[in-house]
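Student: coords please:
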Amino acid sequence: MNNQIDNNDVLASISDSDVDDFEKMLSDFINKEFDEGAEEAQEEINELQAEQTEPETENLSDLVNQAPSNLGEHEYSLFRAYKNFMYAISMLCEDNNLEVPTLHLTESKLQPHYKKRAGTSVSKDILSGWEIMLKLFPNEVKTINPNSTDDQLLDFAEKCENENLQLAIISHVETMIELEGCEIDYETRKLKYERKKLEKEIYEAHQRHLERSRRYIEAINEKQFPINAEKLVNNYFRLSNKDPEGSFKALTTNPATFAPIDFSKIKDRFFGMIKVKPQDGIRINHKIGEFLKRLKI
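Tutor: Just a heads-up that it's a prediction; the model follows:
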């Protein structure tokens, strides 16, 4: 058969050993057994994307007397340090007839894991606490700020004569340390579940790819063309990942580029009197190309 039908250079470029990047990603993904834990991953993704409004805690005693339950290690430590800080601030307010600031962090915001809105709540309450400390101890507190290093804050706390101010500064340091730990956990979980989501999308894209290939193969086989439909379609899609326009042109003008015409399946014409010739392969190749050009999948 002539060069138009059997293009060995093109076939070599799409051989089975040449697996494209998509198929490599898919192979890695399947080996990770996506189905296991997929439901948990999707729930976490939904949770990270959700915008939730929760009631504020108006009574500090409710928070202080609340025993943390079902919290992770870092969440528990954060909640405990936060309560100590707010307790110290409340004592300062009571001693000086000031209104206790409204609290924003609730235990439910730390369940089942720390989320960004919990960090926002902690930051609001920490800022309110520092405003009160600055109001009550302007000369002392003006020498430091919430962004001071841990050593600077702890050195300041060690020199404090007021026990509640001292507790507030120490608890602030502990709260920020635990908050950083929770933030690291959050970002780690976020990356993990975003990867799971991406893997799920890759898997679903591959399933759509397989379904589309199946429909192409069935349509070609239905016409009983003398060509290996599965090889034709699979080789076409492999090349289309690299050169969509060029591969489609080849598919519709010279489909034998992707799979050779099977002459053994071409019948002699006129009751066997006209034997199969190379020109019949060219004719059928053109016929297959015209069919694929009109095919809507």
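
Student: Domain parsing of this structure, as residue ranges.
Tutor: Taking automatic domain parsing as the criterion, the chain consists of the domains 8-31+205-294, 60-197.

Student: Sketch out the helices for the stretch 1-150 of the chain, chain order is fine.
Tutor: Ranges of helices in the stretch 1-150 of the chain, per DSSP state H, counting those that start in this stretch, are 8-13, 21-31, 38-49, 60-64, 73-95, 116-136, 138-141, 150-159.

Student: burial measure for Leu127, as a count.
Tutor: As a burial measure, the neighbour count of Leu127 was computed by other CB atoms under 10 Å and equals 11. Every residue, glycine included, has its C-beta placed from N, CA and C.

Student: which residues sit in contact with it?
Tutor: Neighbour list for Leu127: Pro146 [criterion: CB atoms under 8 Å, 6 or more residues apart in numbering].

Student: quick one: pLDDT of it?
Tutor: What the model reports as pLDDT for Leu127 is 94.

Student: just the one 5 residues further on next, same as before
Tutor: Confidence at Ile132, expressed as pLDDT, is 95.

Student: One more: Ser69?
Tutor: According to the prediction, Ser69 has pLDDT 61.

Student: what about this protein, any weak spots by pLDDT?
Tutor: Within the chain, the ranges that satisfy pLDDT under 70 run 1-69, 268-276, 297.

Student: do that again at 50, thanks
Tutor: 1-20, 22, 30, 33-37, 40, 51-58 (pLDDT under 50).

Student: Can you report phi and psi for the residue nearest the centre of the chain?
Tutor: The centre of the chain sits closest to Glu194, judged by CA atoms, centre = their mean, with a distance of 1.7 Å. Per-residue torsions, Glu194: phi -70, psi -40 (degrees, to the nearest 10).

Student: Please apply the same query to Glu204.
Tutor: Torsion angles at Glu204 (phi, psi; degrees, to the nearest 10) stand at phi -70, psi -40.

Student: and it, how many neighbours does it have?
Tutor: 10.

Student: circling back to that earlier point, hey, which of the domains of the chain is tucked in deepest?
Tutor: Mean neighbour counts were taken over the domains of the chain using mean count of other CB atoms under 10 Å, and the top value, a mean of 17, falls to domain 60-197.

Student: can you give me phi and psi for Pro226?
Tutor: Taking degrees, to the nearest 10, you get phi -80, psi 70 for the backbone angles of Pro226.

Student: That one reaches Phe263, doesn't it?
Tutor: Yes - between Pro226 and Phe263 there is a contact at 7.2 Å, judged by CB atoms under 8 Å.

Student: residues in contact with Glu183?
Tutor: Taking CB under 8 Å, 6+ apart, we find Glu183 in contact with Tyr114, Gly119.
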